[in-house]
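Chemist: sharing a sequence plus its predicted fold:
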Amino acid sequence: MSSLGPDFETSLDKELQKVWQEDVFPQPADPAQLARTIAVAVQQFDRKILWRNLREYVAGGILLIFFLSGALVPVRMVPVPWIGVVAVAFVLGYLWWKHRELKPLDPTADARAYKAALLARYDRQIQLLRSVRYWYFLPLYVWIVAATLASGLHRPARVSPLAHLISLAAALGFVTALYIWLARLNERHAVRRLAEAKEQANSLLSEQTNDD
Amino acid sequence: MTSATQSEFEEILRRYMPALRRLAWSYARNATEREDLLQEIMMTLWRALPRFRQDSSERTYVYRVAHNAAISFVTADQRRRAREHSEEALAELAGPDNPESDAIHNQRVGRLRAGVKELPVYDRQMILLYLEGLSAAEIESVTGFSAGNVATRLTRARQRLVAQLREEGGHELTRP
């Protein structure tokens, strides 16, 4: 290790290396068996992740079918089911597109490149969560507003026009407040938690890199 | 994966398991974490094996993957650390170990490992690679730093380690 300087050619370092490599850990019973077990564990883990992702798309698919079946009923003043179809299709399409972008980290990269990719991934996830109000809450909000308006188009005979208007406004106000609260909750908690995690990762990995 | 990949993986485990255990021990805070990390490293190695195209040595490839898995592990939150699949069988297969009690029997090893564990992550990474006997070129390949940078970082990490060992009372390890 001549390029490491004289400090690293001392007997001290040789001694440290020797002590370090003294193996106090017993060998695993059988590497072949361990390799097989790892292969199975990876397969099981991948299958779980696949099912988890699939469940999200299946749930979206069921919603799509539900809205499409409603859209088949003709003559409506507000095309609520079609708005639902567009909203759910948009959310699913956006998620699929973003999942394609979020590629797993390359574990064979060198440590420096891996660290940069790790931090960049945090940024992408934060960006995705920050924009959740536009790609998730807004399309569904449009649908629920349309559904609320559609349900308020026919005033029951026993309700006065003013009372009907007030109840409609109250329903819209409630829905709007609920969506704003959910969007802010997401930003305050999920984004903040992820930003903190990124900060922790950054400080953990950058502690000694001021001479990069 | 082919049976050739499987036997290649077996060979890697056979050759590098002691080093992987030492690495896992250096990044984990307790026995459960150590087993989790070791499993994570082995799983990452298995997944990454098809990408190994002999353009680097097997040794640098294994250390790259193992250190990157360790970095991901230490930066992950608790929820991600909680494994979704069974660990008990794997932990058993990986072999029982109890370095804490081993360290009592082997104080020099124990002190050195404790000293390494106290180092900041990047210093720890450098010193681990050095203590495992990797050459300067191999350390450059694993870390991605230039030769000069590796030398500087390694010197600093080594000074910190020696200071740490002296603080811990490991004089017999730091006497030239």
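Modeler: Alright, I've got the coordinates. Numbering: from 1, shown residues only, chains lettered A, B, ... in the order given.

Chemist: look at the closest residue to A:Ala190 other than its chain neighbours and report its pLDDT.
Modeler: In space, and not counting its chain neighbours, A:Ala190 is closest to A:Leu129: 5.2 Å by CB to CB, 6 or more residues apart in numbering or on different chains. For every residue, glycine as well, the C-beta is placed using N, CA and C. A:Leu129 carries a pLDDT value of 88.

Chemist: max-length helix in the chain?
Modeler: Using chain A. As assigned by DSSP state H, the longest helix anywhere in chain A is helix A:31-71.

Chemist: actually chain B
Modeler: Max-length helix for chain B by DSSP H is helix B:3-27.

Chemist: for that helix, give the mean pLDDT please.
Modeler: Regarding helix B:3-27, the rounded mean pLDDT is 88.

Chemist: in that helix, what counts as buried?
Modeler: B:6, B:8-10, B:12-13, B:16-27 (16 or more other CB atoms under 10 Å in any protein chain shown).

Chemist: do stretch B:28-46 and chain A meet?
Modeler: Yes. Using CB under 8 Å from any CB of the partner chain, we find that stretch B:28-46 touches chain A at B:Gln39, B:Met42, B:Met43, B:Thr44, B:Trp46.

Chemist: whatever helix or strand the last one lives in packs against which elements?
Modeler: So that's B:Trp46. If you go by DSSP states H and E, B:Trp46 is part of helix B:31-48. Helix B:31-48 sits against helix A:31-71, helix B:3-27, helix B:58-75, helix B:88-93, with contacts defined as 3 or more CB pairs under 8 Å, 6 or more residues apart in numbering or on different chains; DSSP states H and E.

Chemist: tell me the mean pLDDT for the longest helix of chain A?
Modeler: 86.

Chemist: would you mark the buried spots in stretch A:129-139?
Modeler: Going by 16+ other CB under 10 Å, stretch A:129-139 has these buried residues: A:Leu129, A:Val132, A:Arg133, A:Trp135, A:Tyr136, A:Phe137, A:Leu138, A:Pro139.

Chemist: how about the helices of chain A, start to end?
Modeler: A:11-21, A:31-71, A:80-101, A:111-130, A:132, A:138-151, A:161-185, A:192-206.

Chemist: re the thing from before, for the helix holding B:Trp46, the averaged confidence score.
Modeler: On average, helix B:31-48 scores 91.

Chemist: quick one: it to chain centroid distance?
Modeler: 11 Å (CA atoms, centre = their mean, to the nearest Å).

Chemist: what angle do that helix and helix A:31-71 make?
Modeler: 80 degrees (axes from the mean of the first three to the mean of the last three CA atoms, to 10 degrees).

Chemist: for the closest residue to A:His164 other than its chain neighbours, give me phi and psi.
Modeler: In this structure, A:His164 finds its nearest non-sequential neighbour in A:Arg155, 4.4 Å apart by CB to CB, 6+ apart. When read as degrees, to the nearest 10, the backbone of A:Arg155 gives phi -90, psi 130.

Chemist: A:Arg155 and A:Val80, how far apart?
Modeler: Distance, A:Arg155 to A:Val80, using CB to CB, to the nearest Å: 18 Å.

Chemist: good, wrapping up.
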